[in-house]
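Here is the input, now give the coordinates:
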Amino acid sequence: GLQAEAATLPAADKVELIRRLVSAGAPMVDAAAFVHPKWNPKLADGEEVLKACLADPAIAGRATLTVIAPNERGAQRALDAGARSVSIWLTGTEAFSKRNLNMSIAQHVDANARAAAAVRAAGVPLRGYVSNAVDCPFEGPVPPQRVRELAQELRRVGCEELSLADTRGTGDPAAVDALLREVLKDWPADRVGLHLHNTYGFALASL
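Sure, this is the predicted structure:
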């Protein structure tokens, strides 16, 4: 993601990137993340980016723009900025959750429940992500059964769609296949997507 880049991308450049993705035919784009600016300053311009996208006829109405919110405050910021789709997430391991959010998975489940309630009350569609769904830099391979349980938590709070993220890009086709076979026991296939990073050239092969 853009938060991993060495330089901070200006809001106007982010909007142009989204414009090009939409022009290329992307039906859905993660447009912004409403995380705390202190912890992720490169994504601190979420409101500015989202509002600019919604005002751009080359973007608005041509693709679904979803935004990411880690908690109730982030969700409310997103809604106040005009978000028409909000995504919440859980991470595949305790170690990554604590390092990334300073919260245990259980604490993040509680935070998600409050964020989800705010989004549902606003009548806005809610999506769920499981990040590090294949492999964790601290704990190694993530068991598909654990991801299935996390996906169930996201569904319980009202997520209508699910995206499974191979955040490190280390998931080969066999690992992604095993993950999908487990998660699809609970979720219809047309409600599940993959968020694959091509770090090691596995993304297209894993689709």
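
okay, CA-based contacts and neighbour counts for the rest of this
OK.

could you say what helices and strands the helix or strand of the chain with the lowest mean pLDDT packs with?
The helix or strand of the chain with the poorest confidence is helix 203-206; it has a mean of 92 (mean pLDDT, DSSP states H and E). Counting contacts by 3 or more Cα pairs under 8 Å, 6 or more residues apart in numbering; DSSP states H and E, helix 203-206 is packed against helix 173-183.

if you set the cut-off to 10 Å instead, what comes out?
Counting contacts by 3 or more Cα pairs under 10 Å, 6 or more residues apart in numbering; DSSP states H and E, helix 203-206 packs against helix 173-183, strand 192-196.

So, low pLDDT: which residues of the protein?
The model of the chain has pLDDT under 70 over residues 1.

Could you pull out the helices in it for me?
Using DSSP state H, the helices of the chain run over 11-23, 46-54, 72-80, 94-101, 105-121, 144-156, 173-183, 203-206.

Among those, single out whichever gets nearest to F138.
helix 94-101 (6.3 Å; Cα to Cα).

neighbouring contacts of the closest one?
Applying Cα atoms under 10 Å, 6 or more residues apart in numbering, the external contacts of helix 94-101 come out as 35, 39, 70, 90-91, 102-108, 131-132, 136-139.

List buried residues within the residues you listed.
35, 70, 90-91, 103-105, 108, 131-132, 136 (16 or more other Cα atoms under 10 Å).

Between these, which sits nearest H195?
Closest to H195, out of all of the buried ones among the contacts of helix 94-101 and judged by Cα to Cα, is S131, at 8.7 Å.
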